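1. Pasting a predicted model and its sequence here:
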Amino acid sequence: MRVLSGIKPTGKLTLGNYIGALKNFSQYQSDHDVFIFIADLHALTLPIDPEELRMNTRLLTAFYLAAGLDPNRVTIFKQSDVSAHAELNAILQNYLYMGELSRMTQFKEKSQNMDGNAIGLGLFTYPVLMASDILLYEANIVPVGEDQIQHIEITRDLVVRFNNRYGKILVMPEPIVSTVGKRIMSLSDPSIKMSKSESGKGDIYLTDDLTVIRKKIMSAVTDSGSEIYVDEEKKPGITNLLTIYAALTDKSLDDCVKKFKDYRYGDFKKEVANVVINTLGPFQEKAYEFLKSGEVDRVLRDGAQKATIIANQTLKKVKEAVGLL
Ligand code: AMP
Ligand code: TRP
């Protein structure tokens, strides 16, 4: 079984990215063929400074390694290093329709405050490139956070459409979303997602100093009342903190609720802060070490070679199917 996923090297990665995506990737490496990449072409869909893109790309690679991905077992690569992504994108764009693309939630959200005349085409066709990423590696499983499911659904529609026309060429992917932590919310406003692009005080960045992280968690908004239980409507703040705790300790939400039943909010937050810091402290140390040692650059070089071989095989099949070869 093949597993594939990627993250865009934009903005500052958050604890949401860690819990919803990063942390889950390494669990597949012992018994699956895993491809994890840096979606740097996708990073260009919104304005980004070139130096920032370069730095983020290396940092994200270091985060992959620090999250436990073993480059001897997993192919870690940069999307733009494998030209088959752009080539398959050019072919597949003819099999997805403008109507479908304009219904994508991510497109609607990201473009809503933009001048309609200046929305880049890449933002609109984002799902075509994402489908190309997935289909090139014939991925069976795609672990992502909840917000990416719609993009995988459209990839699945594309597979049906393409295969109906040309025969069984493309492999059907399946999204996998972790049960706990598929959507980590902002600590200052638990009605919105913790995200790279928010103001910062409610978002824990993976590069934050540990003292800053503790402060952010201790000042997280809590809900009225004093009890600790799961209720997304009445207790969104507490539920979010419980989710973070459960995800990082690999416990069920129920077990966490039992553990904290008699805790006061302040003491509960202290425990949550400890777990986050005990996770991110060693994680940051490892990541910075990988950056310094040059391991990041070696990994990306090797990864590009390995990924290119597999990607070109699929590209050839598709080119033959549609009549380009
Ligand atoms: P992005 O930040 O959009 O590049 O997302 C990279 C990955 O992290 C995707 O699989 C997202 O679904 C996941 N992700 C992003 N934000 C969150 C969040 N707040 N909670 C859970 N998963 C998230
Ligand atoms: N769109 C994903 C995100 O927002 C990144 C991504 C690009 C991706 N291509 C992918 C994820 C293919 C899974 C599979 O972060």
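-> It's in. Ligands and ions are numbered 1, 2, ... in the order given.
2. Please count neighbours and contacts with C-alpha atoms only from this point.
-> OK.
3. Now do the same contact list for whichever residue of the stretch 1-150 of the chain sits closest to ligand 1.
-> Relative to ligand 1, the nearest point of the stretch 1-150 of the chain is Gly145 (2.9 Å; Cα to the nearest ligand atom). Contacts for Gly145 (Cα atoms under 8 Å, 6 or more residues apart in numbering) come out as Asn17, Gly20, Ala21, Val177, Ser178, Lys182, Arg183.
4. between those residues, which has the most around it?
-> Gly20 (25 neighbours; other Cα atoms under 10 Å).
5. from what I can see it touches Gly181, true?
-> Yes: counting by Cα atoms under 8 Å, Gly181 is a contact partner of Gly20 at 5.7 Å.
6. okay, stretch 285-295 in CSV with CA atoms only?
-> Extracted C-alpha coordinates of stretch 285-295, given in CSV (Å, rounded to 0.1, in the frame of the first residue of the first chain):
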residue,chain,number,x,y,z
GLU,A,285,16.1,20.7,18.9
LYS,A,286,16.1,17.8,16.4
ALA,A,287,14.8,20.0,13.6
TYR,A,288,17.5,22.7,14.1
GLU,A,289,20.2,20.0,14.2
PHE,A,290,19.0,18.5,10.9
LEU,A,291,19.2,22.0,9.4
LYS,A,292,22.7,22.7,10.6
SER,A,293,24.1,19.3,9.7
GLY,A,294,23.2,19.5,6.0
GLU,A,295,21.1,16.4,6.3
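7. Okay, buried residues for it please.
-> Lys286, Ala287, Phe290, Leu291 (16 or more other Cα atoms under 10 Å).
8. tell me which of the residues you listed is nearest to Ala90?
-> Proximity of the buried residues of stretch 285-295 to Ala90 was ranked by Cα to Cα; the top entry is Leu291 with 33.9 Å.
9. State whether the closest one is indeed within a helix.
-> Yes: under DSSP: H, G, I helix; E, B strand; the rest coil, Leu291 falls within a helix.
10. isn't it right next to Leu60, touching?
-> No: contact criterion Cα under 8 Å: Leu291 and Leu60 do not qualify, at 9.9 Å.
11. Tell me the pLDDT of the residue in the stretch 201-325 of the chain positioned nearest to ligand 1.
-> Closest contact between the stretch 201-325 of the chain and ligand 1, by Cα to the nearest ligand atom, is at Asp203 (8.9 Å). Per-residue pLDDT puts Asp203 at 96.
12. from here on, count from 465
-> Got it, the first residue is 465 from now on, which makes the last one we talked about Asp667.
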